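*Asks:* Just to be clear, the model below is a prediction. Sequence and coordinates:
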Amino acid sequence: ASENIVAILEGLIEKAQFLAEEKHIRISMHPSKETIAVPVEKHRILQALYNIVINAIHYTERGGQVQIRVEQVYQPDRRMDYVRITIEDNGVGIPEEDLPHIFNRFYRADHSRTRSNGGTGLGLAIAQQNILLHQGWIEVQSKAGKGTAFAVFLPAASGDFVGSGRGL
Ligand code: ATP
Ligand code: MG
């Protein structure tokens, strides 16, 4: 089924809001109140994005920021339009040596292992699995002490070339 990814994210932000407010973290979303239709299984994508957004809140200090953006992008190598969802925080970041492992089941970077916050290290493994099931993929960029940006790519609805400027 086709789902409005913007509405999915808005619902998710509402669910995560109490956690963010507890830490005075501001979540912003762009665009809002728009429709970007994506052929996805709603509960799987909701869970994937929820895990990433909860991490962003979790691994960001009080007063921080989480920015969520949704864009349609053309991937020349795949000759296809994708919807890219970026979740960026200005939190603790991930040390370079941990980056290759964070999608592995039960892997937790040092900074989170030493905290007693009870995580299991499954959140990103589940997120990635759900995204791969949709023929999408996930990328991460991070700097320890600066912040982290996750980008989720999902195949856009076919025939929906809005904004790609390529015409038909
Ligand atoms: P849980 O299963 O409860 O989600 P977790 O958060 O430790 O536990 P993942 O969500 O899979 O597990 O994340 C794996 C590790 O990646 C985390 O332990 C943390 O070290 C690191 N990480 C993930 N997201 C971020 C982020 N936004 N900023 C900093 N580190 C992060
Ligand atoms: Mg997590």
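*Replies:* Ah, there it is. Residues are numbered from 1 along each chain as shown. Ligands and ions are numbered 1, 2, ... in the order given.

*Asks:* For residue 143, give me its contacts.
*Replies:* For residue 143, the contact set (CB atoms under 8 Å, 6 or more residues apart in numbering) comprises residue 93. (C-beta placed from N, C-alpha, C; glycine too.)

*Asks:* Find the nearest non-adjacent residue to residue 125, please.
*Replies:* residue 105 (4.4 Å; CB to CB, 6 or more residues apart in numbering).

*Asks:* So whichever strand or helix holds residue 8, near ligand 1 or not?
*Replies:* Residue 8 belongs to helix 5-22 when assigned by DSSP states H and E. No: using CB under 6 Å from any ligand atom, helix 5-22 stays clear of ligand 1, with a minimum separation of 12.6 Å.

*Asks:* and that helix, what's its mean pLDDT?
*Replies:* Per-residue pLDDT values across helix 5-22 average out to 97.

*Asks:* Pull out the buried residues from that helix.
*Replies:* 5, 6, 8, 9, 12, 13, 16, 20 (16 or more other CB atoms under 10 Å).

*Asks:* Distance of the last one relative to residue 53?
*Replies:* Spelled out, it's residue 20. Remark: distance between residue 20 and residue 53 (CB to CB, to the nearest Å) = 9 Å.

*Asks:* so what sits against both of the two?
*Replies:* Residues within reach of residue 20 and of residue 53 at once, by CB under 8 Å, 6+ apart, are 27, 66.

*Asks:* Let me know the pLDDT of the residue of the chain found nearest ligand 2.
*Replies:* Closest to ligand 2 within the chain is residue 123: 3.0 Å, counting by CB to the ion. Predicted confidence (pLDDT) for residue 123: 97.

*Asks:* where do the helices sit along the chain?
*Replies:* Remark: helices assigned in the chain by DSSP state H are 5-22, 42-58, 110-113, 123-132.

*Asks:* Just put those helices in JSON lines and tack on distance to residue 86.
*Replies:* Formatted as JSON lines, the helices of the chain follow (distance: least, CB to CB, whole Å):
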{"stretch": "helix 5-22", "distance to residue 86": "11"}
{"stretch": "helix 42-58", "distance to residue 86": "10"}
{"stretch": "helix 110-113", "distance to residue 86": "22"}
{"stretch": "helix 123-132", "distance to residue 86": "14"}
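
*Asks:* pretty sure residue 20 is touching residue 66, no?
*Replies:* Yes: between residue 20 and residue 66 there is a contact under CB atoms under 8 Å: 7.2 Å.
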